[in-house]
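Q: sequence and predicted model, in that order:
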Amino acid sequence: MLSPVSMSNPASRLLWLMQLASPALPVGGFSYSEGMEAAVEHGLVTDESSAQNWLIDQLHLVQARSELPVVAQAMKAWQTRDKTALQQLSDWVMQTRETFEMRLQTEQMGRSLLIWLRNHQAADEGDMQFCDSLPPTWPLVFALALNTQTIELREGLLACAFGWAENMVQAAIKSVPLGQLSGQRMLAALSAEIPVAVEHALSIPDNQQQSFTPRLAILSARHETQYSRLFRS
């Protein structure tokens, strides 16, 4: 377990946030395009502009209304060890992943983050064993990781959203394909939208998060049998 001194150090908390948001975090986030590759295959994303619009829409329609509110609720539930709420959140996440690859992504990344936490001895073993029993979905384990450093709610959601944005921009660069400068422009555009998405997520009452992205679900289902692909989703 991290020492109380490090947990009370603002610089340590900031570095912990940066590490959790980094694409170098060994959880396999780079393996997923979350429908982007299928959107390219079907001609919905063809260049920098359409890729940027696609990701901004995904930020506001998926991250702000589904993923980030769950992270926020899970952070509060971990603080009070409310296992009933955590179980309900985990069930909701799995029930709203409409395709096999979407379920694979959230569980694989969550399990990989648990391994990382164990390697750092950064979380209570009982909490991690409880995650293993759920199964461990990405939003719940990410919230647990944030709570090991008593991260403020808004900061935690900003880090979560930015980590997602970096992975998705890299997916666009590889699948469209695009250059690195295009990627940086897209990341800047997403960064300008992330605070708005986070505020929306924070405004959603507990258990009022929603998941309704039928086109994304259809593309994900098509991607599972796509003939040639780079990504697992």
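A: It's in.
Q: from residue 153, how far out is residue 86?
A: Using CB to CB, to the nearest Å, residue 86 is found at 16 Å from residue 153. Where C-beta positions appear, they are placed from N, C-alpha and C, glycine not excepted.
Q: more neighbours: the two, which one.
A: Between residue 86 and residue 153, residue 86 has the larger neighbour count (other CB atoms under 10 Å), namely 22 against 17.
Q: where does that one land in three-state SS?
A: At residue 86 the chain is in helix, as set by DSSP: H, G, I helix; E, B strand; the rest coil.
Q: does it touch residue 76 like I think?
A: No - applying CB atoms under 8 Å, one finds residue 86 not in contact with residue 76, separated by 10.2 Å.
Q: for the residue most central in space within the chain, give me its contacts.
A: For the chain, the residue nearest the mean C-alpha position is residue 164 (5.3 Å; CA atoms, centre = their mean). Contacts for residue 164 (CB atoms under 8 Å, 6 or more residues apart in numbering) come out as 29, 59, 63, 67.
Q: check the gap between the first one and residue 37 for me.
A: If I follow you right, that is residue 29. 14 Å.
Q: now swap in the third one and tell me
A: When distance is defined by CB to CB, residue 63 is 18 Å away from residue 37.
Q: what of the last one?
A: Taking CB to CB as the criterion, residue 67 is separated from residue 37 by 19 Å.
Q: quick one, grab the pLDDT at residue 6.
A: As predicted, residue 6 sits at a pLDDT of 49.
Q: and the contacts of whichever helix or strand residue 90 is part of?
A: Following DSSP states H and E, one finds residue 90 within helix 83-95. Residues from elsewhere that reach helix 83-95 (CB under 8 Å, 6+ apart): 70, 73-74, 76-78, 103, 106-107, 130, 134-140, 207, 209.
Q: looking at those, which are in helices?
A: The helices, defined by DSSP state H, take in 70, 73-74, 76-78, 103, 106-107, 130, 138-140 from the contacts of helix 83-95.
Q: relative to residue 122, which of these is nearest.
A: Nearest to residue 122 out of these is residue 78 (CB to CB; 13.0 Å).
Q: neighbours around that closest one, how many?
A: Neighbours around residue 78, by other CB under 10 Å: 24.
Q: now do the contacts for it.
A: Residue 78 sits next to 86, 127, 143-144, 147 when contact means CB under 8 Å, 6+ apart.
Q: go again using 7 Å as the cut-off
A: Residue 78 sits next to 143-144, 147 when contact means CB atoms under 7 Å, 6 or more residues apart in numbering.
Q: and for residue 50?
A: By CB under 7 Å, 6+ apart, the contact set of residue 50 is empty.
Q: now with 8 Å?
A: Taking CB under 8 Å, 6+ apart, we find residue 50 in contact with residue 44.
Q: and the pLDDT for it?
A: Residue 50 carries a pLDDT score of 98 in this model.
Q: host element of it?
A: Applying DSSP H and E, one finds residue 50 within helix 48-58.
Q: how far is that helix from where the chain is centred?
A: 17 Å (CA atoms, centre = their mean, to the nearest Å).
Q: residue 60 reaches residue 190, doesn't it?
A: No - applying CB under 8 Å, one finds residue 60 not in contact with residue 190, separated by 10.5 Å.
Q: these two - which one has more neighbours?
A: residue 190 (22 against 14).
Q: what's stretch 60-77 in contact with?
A: Stretch 60-77 is contacted by residues 34, 82-83, 85-86, 89, 92-93, 96, 139-140, 142-144, 146-147, 151, 153, 156-157, 160-161, 164, 193, 196-198, 200-202, 204, 206-211, 213, 216 when judged by CB under 8 Å, 6+ apart.
Q: count of residues packed around residue 203?
A: There are 10 residues near residue 203, going by other CB under 10 Å.
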